[in-house]
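Asks: The sequence and its predicted three-dimensional model are supplied below.
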Amino acid sequence: MTSDLRPLSRDEVRALDARAADELGLPTLILMENAGRGAAARLVELADVDRPRVVVVCGPGNNGGDGGVVARHLDAWSVPVRVVWFARRDQIKGDAETQRGIVERSEIPQTVWFEAHAEPPAPADLDALFADADWIVNGLLGTGLTRPVAGMFHEVVAAMNRSARPILALDLPSGLDADSGRPLGLAVVARATATFVARKTGFDAPGADAYTGAVFVIDIGLPGKLLREFQAP
């Protein structure tokens, strides 16, 4: 049904997740698992080598949790993958922390930046991180972002773009406003976007496709009961 849905706003997407949990008892971890696995499968299809070297960039929220799921599935499919969380350990909470823990116990290479380093990453650190990657998975900042990208996140987005590596964005390019389709100061320029449930309203704004690249809608398992009201006319 996801292919039949109209574009959704930030608030509509967040409300769907909440209703799935509150009204139907559908655990958000299941939705995250479906989203991440679908995105990982899309990356394997997009890659032009059999075993692309992948760096998964994660922020402390659910977008980072999606990235953790992507990493686990890539690892299961023998794709070399490394995960970097740009956060303090105590900032990673809820489903994202669950995924971080699973990745750790799965012995997938993983770094929580401020456990391994005392200072925020310098441009040279970030350039080195992405130098050997064939693909970057962007799970830094999700649809909840409404203010300009700043500080460390600004540096990480700039470095991803500077790397010239193809980027798969999870749900939307970090820094792109989900509703307006305009960058919030700076946004990831993705080769492709694996967006969850439906296209976001901002994707159809003039110029947004320069950031999203090709958009692929990933079904995350929301029941039709919740989706029917959003069907395209």
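Replies: Done, it's in. Residues are numbered from 1 along each chain as shown.
Asks: Tell me how many other residues crowd Leu126.
Replies: Applying other Cβ atoms under 10 Å, we find 23 residues neighbouring Leu126. No exception for glycine: its C-beta is placed from N, CA and C like everyone else's.
Asks: Look up the closest residue to it, ignoring the ones flanking it.
Replies: The shortest distance from Leu126 to any non-neighbouring residue, by Cβ to Cβ, 6 or more residues apart in numbering, is to Ala159 (3.5 Å).
Asks: Which strands and helices lie in contact with the helix or strand hosting that neighbour?
Replies: Following DSSP states H and E, one finds Ala159 within helix 151-162. For helix 151-162, the packing partners by 3 or more Cβ pairs under 8 Å, 6 or more residues apart in numbering; DSSP states H and E come out as helix 123-130.
Asks: what's in contact with the helix or strand following the helix it packs on?
Replies: Downstream of helix 123-130, the next assigned helix or strand under DSSP H and E is strand 135-139. Applying Cβ atoms under 8 Å, 6 or more residues apart in numbering, the external contacts of strand 135-139 come out as 39, 43, 46-47, 52-59, 63-68, 70-71, 130, 160, 163, 165-170, 173-174, 188, 190.
Asks: what lines up beside strand 135-139 in the sheet?
Replies: In the sheet, strand 135-139 lines up against strand 54-58 (parallel), strand 167-170 (parallel) (DSSP bridges).
Asks: And the average pLDDT for the first one is what?
Replies: Looking back up the chat, that one is strand 54-58. When pLDDT is averaged along strand 54-58, the result is 98.
Asks: That one vs helix 151-162, what angle?
Replies: Calculated by axes from the mean of the first three to the mean of the last three Cα atoms, to 10 degrees, strand 54-58 forms an angle of 150 degrees with helix 151-162.
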